[in-house]
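Q: Sequence first, predicted model second:
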Amino acid sequence: MNYTYLDSLATYGVGGAHPGGLQLTEQLLAREKMNRKTAILDVGCGTGQTSAYIFKQYKCNVTALDNNKVMIDKAKQRFRSSHLPINVVEGRTENLPFRNETFDIILSESVTAFTNIPVSLSEYKRVLKPNGVLLAIEMTAEPLPFTKKEKQFICDFYGVSQILTEKDWRNYFRKSGFRHVTVEKHMHHSVPQDVMYANDFMLSNQIQEEHYEILEQHQQIVSKYKDKLYFRVFRCTG
């Protein structure tokens with residue numbers, strides 16, 4: 001059976017696999033005006049590490065969405081064990097099952113790059129309230145050029161259609177109706193962090209050798225392309 005990188009993350013149940021990990025998420029959310037009335041959507045929630053943190057810290061209305069059933073089951077398990085009233089939804093970013101203008105904040109932690117980007121961004125804009133905020137932590141190509149072969153290899157491994165530059169991301173956000181886009185560059189690798197040494201795992205009962213090999217290959221990519229792949233934090237509003 002051919003597993004994907006995302007399948008392997010789900011099998012290991014890696015929490016905080018996105019660049020910067022939960023520490024960066026905490027810093028970003030601390031800048032926002034959040035209270036018990038805030039409605040936040042955590043897209044690509046994975047095992048629910050971020051969603052759990054948000055509810056515990058802010059006691060706000062948290063919705064966690066993912067399209068991977070393994071991740072969804074692990075998120076539900078996490079929330080049940082801690083008695084957290086978090087709404088868990090199985091769904092895709094390209095077709096969000098929510099009404100227009102539902103959320104104050106959408107959080108995308110290394111998620112949107114793995115989707116149909118313009119369609120997902122259009123959906124984010126639709127379900128955000130008029131003054132809502134999109135916070136996106138996303139893989140970004142640096143000016144150093146990739147060869148065509150390198151680009152194809154990385155896209156195939158991670159299951160993405162393209163590797164965007166900061167300018168590309170800005171253009172997509174603006175075409176989707178986000179008029180104000182601020183960007184932060186962080187000097188860490190753009191692809192998800194060192195997942196083999198993450199401190200939050202929810203392991204599946206059966207783990208195939210192929211999953212370990214895939215995560216090992218991920219680490220090799222991180223090392224090899226450390227000067228060509230970083231990430232950006234985008235804060236987008238209407």
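A: Looks like it came in fine.
Q: Tell me where this structure has helices.
A: Under the criterion DSSP state H, the chain carries helices at the ranges 5-12, 21-30, 49-58, 69-82, 117-127, 148-158, 166-175, 209-224.
Q: Kindly reformat these as CSV containing distance to F98, mean pLDDT and mean neighbour count.
A: The way it works is simple: take the backbone N, C-alpha and C, and place the C-beta from them, glycine included. As requested, these are arranged in CSV below (distance: least, C-beta to C-beta, whole Å; pLDDT from 0 to 100; neighbours: other C-beta atoms under 10 Å):
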stretch, distance to F98, mean pLDDT, mean neighbour count
helix 5-12, 23, 67, 22
helix 21-30, 20, 91, 16
helix 49-58, 15, 96, 21
helix 69-82, 16, 92, 18
helix 117-127, 5, 98, 20
helix 148-158, 27, 90, 14
helix 166-175, 20, 97, 17
helix 209-224, 32, 77, 14
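Q: Nearest to V233, out of those helices?
A: Judged by C-beta to C-beta, the one of the helices of the chain that comes nearest to V233 is helix 21-30, at 6.5 Å.
Q: re earlier: would you format the helices of the chain as a markdown table with distance to K37 included?
A: Output for the helices of the chain, formatted as a markdown table (distance: least, C-beta to C-beta, whole Å):
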| stretch | distance to K37 |
| --- | --- |
| helix 5-12 | 32 |
| helix 21-30 | 15 |
| helix 49-58 | 10 |
| helix 69-82 | 20 |
| helix 117-127 | 17 |
| helix 148-158 | 37 |
| helix 166-175 | 26 |
| helix 209-224 | 39 |
